[in-house]
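> Got a predicted model here, sequence first, then my questions.
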Amino acid sequence: MHNFSDVEWANIETQSIHMDIASATLFYYEYILTIPDEVRLFWQHPRSLATVLYLLIRYASLVTNTARLVFSAPEYLYPKVRLTATGCQTLQDIVEIAQLISTAAGSAFIALRIMAVWSRNWYLGSILFVLGLINSTPLAQTLFFAFSGSVQAPPYSACSEGTESPTMALVVTLYVPLVASATNMAYELLCFVLVVSKTYRGYRVPHGSKTQPQLTYLLIRDGEGVICSLYFAAMIVMGIINLPTSISVSSLELGLSVLLLSVVDQALQSPVFPAGGSLNESFSRSLVPILTMRFLANIKRTGVQDQTGASGLRLSTVPFAGGTQTDRLLQHITGNVQFSDPESENEYSTEETVAELDNGEAAPENTSGPQSTSDVV
């Protein structure tokens, strides 16, 4: 094994710090750009479940990136920052909690959307929610500090994560990222297939029908379509690209990230094993929340346009037939997007029905035939 000097070790730490700075900068840039959208779409309309999830993801991610920036910033960047071991541990706790909140909110949003598309299938929604929680970054950090992790003050960076257990170092830097990344990619692929297959089923011409619904109409109507498909496709690509960088092993034969290999290589010769950072860990704090917030904001924008008739769709004000409190709560983010089964219906109705969910108004129910309710968030 190669013995790294203090200078080489400091260079490795510096590269990790630069990734954290780049990730935070990207998030701040996106945050500033989308302030007008936040005000117009979420603050100027009645509060809903969609508003709660959006704000949780947005501000939990803001706290995560800011706390992590202070956590990893060296003293030459912030001369007035003199963090003690207690201060470092507090910052790490804040990062963990905020990451878990953001991940849980994002997972809940995706699970609710797809659950609604698949006729409010609670079993499917529950499975997707659990799979969405298996995110390598917060999961690895939580396991690390729950068992043997600790945080020390400088010299190399403002705070350093470490453990005296080589087993925990191997688990955090190899096994957890490998399993979590593979599971997460399978989760994104499953979501992609579920959305595309359901939209295609609605597009098929039912037996005996003389009309065929326009595909673009269905894509807008179910609130998923292109936006949802592109979102999950982008997440799959991110997972494939970042998988090698999220795996750290002590053998160069595997040909993975040289930077992370050198970190673990050095760690295995040190009495304290660092937790190990990666490109995936750093940018998952910014890219994943950004994609999710954009997805949610676009669907919210479509719902606002539908309520005002700005989208040009044929609208009515027929509420979802379900009258339970749970149904009314879910309508704030999912609406009724059940599709008629093409195999069992002789006629296909493309009339769009929209409930005034955000302001609590409900028009009389239409019972003239099969209806579908667009997503209003």
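Received, thanks.
> What ranges does the stretch 1-150 of the chain have for its strands?
150-152 (DSSP state E, counting those that start in this stretch).
> Tell me where the model's unsure across it.
Applying pLDDT under 70 to the stretch 1-150 of the chain flags residues 1-13, 74-82, 135-150.
> At which residues are the helices of it located?
6-33, 35-38, 49-72, 85-117, 122-133, 136-147 (DSSP state H, counting those that start in this stretch).
> which one of these lies closest to Val176?
helix 136-147 (4.3 Å; Cβ to Cβ). C-beta coordinates here come from the backbone N, C-alpha and C atoms, glycine included.
> about what we covered before: and the helices of the stretch 1-150 of the chain as JSON lines, adding distance to Leu296 and mean neighbour count?
Output for these, formatted as JSON lines (distance: least, Cβ to Cβ, whole Å; neighbours: other Cβ atoms under 10 Å):
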{"stretch": "helix 6-33", "distance to Leu296": "13", "mean neighbour count": "16"}
{"stretch": "helix 35-38", "distance to Leu296": "10", "mean neighbour count": "13"}
{"stretch": "helix 49-72", "distance to Leu296": "5", "mean neighbour count": "21"}
{"stretch": "helix 85-117", "distance to Leu296": "6", "mean neighbour count": "21"}
{"stretch": "helix 122-133", "distance to Leu296": "14", "mean neighbour count": "17"}
{"stretch": "helix 136-147", "distance to Leu296": "20", "mean neighbour count": "20"}
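> Nearest to Leu190 among these would be which one?
Using Cβ to Cβ, those put helix 122-133 closest to Leu190, at 7.5 Å.
> Just the CA atoms of that closest one, as CSV, please.
C-alpha atoms of helix 122-133 as CSV (Å, rounded to 0.1, in the frame of the first residue of the first chain):
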residue,chain,number,x,y,z
TRP,A,122,-51.7,1.9,-1.6
TYR,A,123,-49.6,-1.2,-1.7
LEU,A,124,-47.7,0.1,-4.7
GLY,A,125,-47.3,3.5,-3.1
SER,A,126,-46.0,2.0,0.2
ILE,A,127,-43.4,-0.1,-1.6
LEU,A,128,-42.2,2.9,-3.7
PHE,A,129,-42.0,5.1,-0.6
VAL,A,130,-39.8,2.6,1.2
LEU,A,131,-37.6,2.1,-1.9
GLY,A,132,-37.3,5.9,-2.2
LEU,A,133,-35.9,6.1,1.3
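> Ile101 reaches Ala60, doesn't it?
Yes - contact status for Ile101 versus Ala60: in contact at 4.3 Å, counting by Cβ atoms under 8 Å.
> need the contact list for the residue nearest to Trp122 when sequence neighbours are not counted.
Spatial nearest neighbour of Trp122, excluding adjacent residues (Cβ to Cβ, 6 or more residues apart in numbering): Met115 at 6.6 Å. Listed by Cβ atoms under 8 Å, 6 or more residues apart in numbering, the contact set of Met115 reads Asn121, Trp122, Leu124, Gly125, Leu128, Thr334.
> do you know how far Met115 is from Arg47?
22 Å (Cβ to Cβ, to the nearest Å).
> can you check Pro36 too?
19 Å.
> same question, Val288
25 Å.
> the more surrounded of those two?
Val288 (20 against 12; other Cβ atoms under 10 Å).
> that's a strand at that one, yeah?
No - using DSSP: H, G, I helix; E, B strand; the rest coil, the assignment for Val288 is helix, not a strand.
> per-residue pLDDT, it?
What the model reports as pLDDT for Val288 is 82.
> likewise the one 4 residues further on?
pLDDT, Thr292: 86.
> Around it, how many other residues sit close by?
24.
> before we move on, what about the one 3 residues further on?
Counted with other Cβ under 10 Å, the burial measure for Phe295 works out to 21 neighbours.
> and it, how far is that from Val288?
Phe295 is 11 Å from Val288, by Cβ to Cβ.
> Then Leu49?
20 Å.
> same deal with Ala182?
From Ala182 to Val288 the distance is 17 Å (Cβ to Cβ).
> before we move on, what about Ala108?
14 Å.
> Can you report phi and psi for Ser286?
When read as degrees, to the nearest 10, the backbone of Ser286 gives phi -120, psi -50.
> How about the contacts made by the residue nearest to it when sequence neighbours are not counted?
Of all residues not flanking Ser286 in the chain, Phe27 sits nearest, at 3.9 Å (Cβ to Cβ, 6+ apart). If a contact means Cβ under 8 Å, 6+ apart, then Phe27 has Ser61, Leu62, Asn65, Arg285, Ser286, Pro289, Ile290 as its contacts.
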